[in-house]
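Asker: predicted coordinates and the sequence they were generated for:
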Amino acid sequence: MKKTTLCAPLAVAVVSIVVGVGADWLRFRGPAGNGVADDTGLPVTWSATEHVVWKTAMPGSGASSPITLGDRVFLTCYSGYGLDPDEPGEQENLLHHVTCIDRATGKIVWDKRSKARLPETEYDAERFLQLHGYASSTPATDGQNVYAFFGRSGVWAYSIDGDLLWRVSVGSGTHGWGSANSPVLAGDLVIVNASVESNAVVALEKATGKEVWRAEGVEKSWSTPVLVELPNGSRELVVSMLNYVRGYDPATGEQLWQCAGVRDYVCPMVVAADGIVYVSGGRSVQTVAVRAGGRGDVTETHRLWEVRKGTKVPSPLVHEGLLYWVDNGGVACCFDAASGESIYRERLDLSGGGDKVYSSVVLADGKLYAVSRKGEAVVLAAGREFKVLAKNDLGDDSIFNATPVVNNGQLLLRSDRFLYCLGN
């Protein structure tokens, strides 16, 4: 394997993660996977002509979020098939992209393309797959390499300079809804929820792609796992799936505990704060709070509360004792994280019908940022009072499924055609 040496700006970025100042977004929903940033000075208002630092056309479509590492941005795309439900083309032309972009200018530095492993799920107007496509998993980086997950086509590892290091299959299953889980890095491991592909969570060695452990029986889960820090300094990998929330030893894959969870399929990511995990999802939505760190079946001992309200697709966010989300119907919600008590539920003024929101809210500088599929972005005041600070529109008719990224006092906003950098 080629050894990659970080240039000075990248080395500074990695150090900044340790001290917690100006941290890069190295994975889905930021440094801790919770959508919360320490940045200040983000724009509250923007338009096609206001506060757009740069706008770059992407080499393919996609719903994944970008990630940042110093002077670089990485994201995934797909091309060649499935761009138009009326004329999808031929599957043999389907390509996956891992793309590197200059953080300062938006210029594409490199774009690595690979053939998809076929057959894939058909792309047509009758399937939910056409709502997000074949590149919905956000990549992750450890500062040296970039790890991307493309469902049936497997996990791919590239150096930050674009050298292919390895590719590994984690299962051959497909689903009409496609694949969406993003990889999580834990020590020397890349961990992927391959529920669709093999009904399992799979851990791979970062250096080689060799499988280290596999936890089976993970059904109907499109939910990215979370690493939970416990008061005793240990960590658990928590996964939400049909009927259960489970905690695993991230080093070995040993199941440590299990709790009754969402009684349906699960899409939203698990979020955690102060050793408590929050899971949401299902068609008859529900949200469950569980104290991590137990052993065996902890349903009676560690489940703190359950409410029959929640979010079906976008992930929640927990911060300073409050649990927030904007659900797929465009309703902004705030709950007390300790009790599950509803503080407010307010419908946002968003256009369109059906599922209006797929991206998850992010928080920075005391503000919540929520983006609809049509690109309308609502900025809310964080806190117990519902207060709309602004509603913004870039005038772009492409589809905005990706969760925003906060970095260097700016927002990175990705549609299925463009990547925007918004800032002062």
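Answerer: Looks like it came in fine.
Asker: so where do the strands sit in the stretch 251-400 of the chain?
Answerer: Ranges of strands within the stretch 251-400 of the chain are 255-260, 271-273, 276-281, 286-291, 296-297, 303-307, 317-319, 322-326, 331-336, 342-347, 362-364, 367-371, 376-381, 388-393, based on DSSP state E, counting those that start in this stretch.
Asker: of all these, which one is nearest T40?
Answerer: With C-beta to C-beta as the criterion, T40 lies closest to strand 362-364 of those, at 7.3 Å. All C-beta spots, glycine's among them, are computed from the backbone N, C-alpha and C.
Asker: starting at the chain centroid, how far to that closest one?
Answerer: Here the centre of strand 362-364 is set off from its chain's centre by 14 Å, with C-alpha atoms, centre = their mean, to the nearest Å.
Asker: by contact count, what packs against that strand?
Answerer: Based on contacts counted as 3 or more C-beta pairs under 8 Å, 6 or more residues apart in numbering; DSSP states H and E, the elements that strand 362-364 packs against are strand 317-319, strand 367-371, strand 405-407.
Asker: what pairs with the last one, parallel or antiparallel?
Answerer: Yep, that's strand 405-407 we're talking about. Applying DSSP bridges, strand 405-407 is found paired with strand 410-414 (antiparallel).
Asker: pLDDT of the partner strand, averaged?
Answerer: For strand 410-414, mean pLDDT is 97.
Asker: can you pull the contacts of L304?
Answerer: By C-beta atoms under 8 Å, 6 or more residues apart in numbering, L304 lies in contact with 276, 289-291, 338, 340.
Asker: low-confidence stretches in the protein?
Answerer: 1-22, 125-126 (pLDDT under 70).
Asker: change it to 50
Answerer: Across the chain, the ranges flagged by pLDDT under 50 are 1-21.
Asker: in it, which spans are helices?
Answerer: Secondary structure of the chain (DSSP state H): helices located at 8-19, 195-198, 299-302.
Asker: any chance of the strands of the stretch 251-400 of the chain in TSV with distance to T40 as columns?
Answerer: As requested, the strands of the stretch 251-400 of the chain are arranged in TSV below (distance: least, C-beta to C-beta, whole Å):
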stretch	distance to T40
strand 255-260	37
strand 271-273	21
strand 276-281	26
strand 286-291	30
strand 296-297	44
strand 303-307	32
strand 317-319	15
strand 322-326	19
strand 331-336	22
strand 342-347	25
strand 362-364	7
strand 367-371	10
strand 376-381	14
strand 388-393	15
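Asker: buried deepest among those strands, which one?
Answerer: Using mean count of other C-beta atoms under 10 Å, the stretch among these with the largest mean neighbour count is strand 276-281, at a mean of 28.
Asker: show residues contacting it.
Answerer: Residues from elsewhere that reach strand 276-281 (C-beta under 8 Å, 6+ apart): 223, 226, 228, 238, 240, 245, 261-262, 264-268, 270-272, 286-292, 304, 310-312, 315-316, 318, 323, 325, 337.
Asker: could you redo the last one with a cut-off of 6 Å?
Answerer: In this structure, residues lying in contact with strand 276-281 by C-beta atoms under 6 Å, 6 or more residues apart in numbering are 238, 240, 245, 261-262, 266-268, 270-271, 287-292, 310-311, 316, 318.
Asker: am I right that L42 is in contact with A364?
Answerer: Yes: at 5.5 Å, L42 counts as touching A364 under the criterion of C-beta atoms under 6 Å.
Asker: which non-adjacent residue is nearest R283?
Answerer: D264 (5.5 Å; C-beta to C-beta, 6 or more residues apart in numbering).
Asker: what does L118 give?
Answerer: The spatial neighbour of L118 that comes closest, neighbours along the chain excluded (C-beta to C-beta, 6+ apart), is Q91 at 5.5 Å.
Asker: I'd like the distance between that neighbour and Y134.
Answerer: 10 Å (C-beta to C-beta, to the nearest Å).
Asker: looking at those two, which one has more neighbours?
Answerer: More neighbours surround Y134 than the other of Q91 and Y134, with 31 against 16 (other C-beta atoms under 10 Å).
Asker: for that one, give me its contacts.
Answerer: The contact partners of Y134, taken as C-beta under 6 Å, 6+ apart, are 78, 82.
Asker: how close does it sit to N392?
Answerer: 29 Å.
Asker: go on, P66?
Answerer: Taking C-beta to C-beta, one finds P66 at 19 Å from N392.
Asker: and D39, by the same measure?
Answerer: Distance, D39 to N392, by C-beta to C-beta: 18 Å.
Asker: one more: N145?
Answerer: From N145 across to N392, the span is 35 Å (C-beta to C-beta).
Asker: ditto for G217
Answerer: Here the distance between G217 and N392 works out to 44 Å (C-beta to C-beta).
Asker: ditto for T252
Answerer: 46 Å.
Asker: Q255 now?
Answerer: The gap separating Q255 from N392 is 44 Å, by C-beta to C-beta.
Asker: also K210?
Answerer: The spacing between K210 and N392, counted by C-beta to C-beta, is 46 Å.
Asker: and if you look at M269?
Answerer: If you measure M269 against N392 using C-beta to C-beta, the figure is 25 Å.
Asker: one more: G133?
Answerer: Spatial separation of G133 from N392 under the definition C-beta to C-beta is 25 Å.
Asker: what about the closest residue to R117 other than its chain neighbours, how many residues nearby?
Answerer: Leaving out its chain neighbours, the residue that sits closest to R117 by C-beta to C-beta, 6+ apart is S153, at 4.3 Å. The local packing of S153 (other C-beta under 10 Å) involves 24 other residues.
Asker: S153 against A116, yeah?
Answerer: Yes: at 4.9 Å, S153 and A116 qualify as touching, with contact defined as C-beta under 6 Å.
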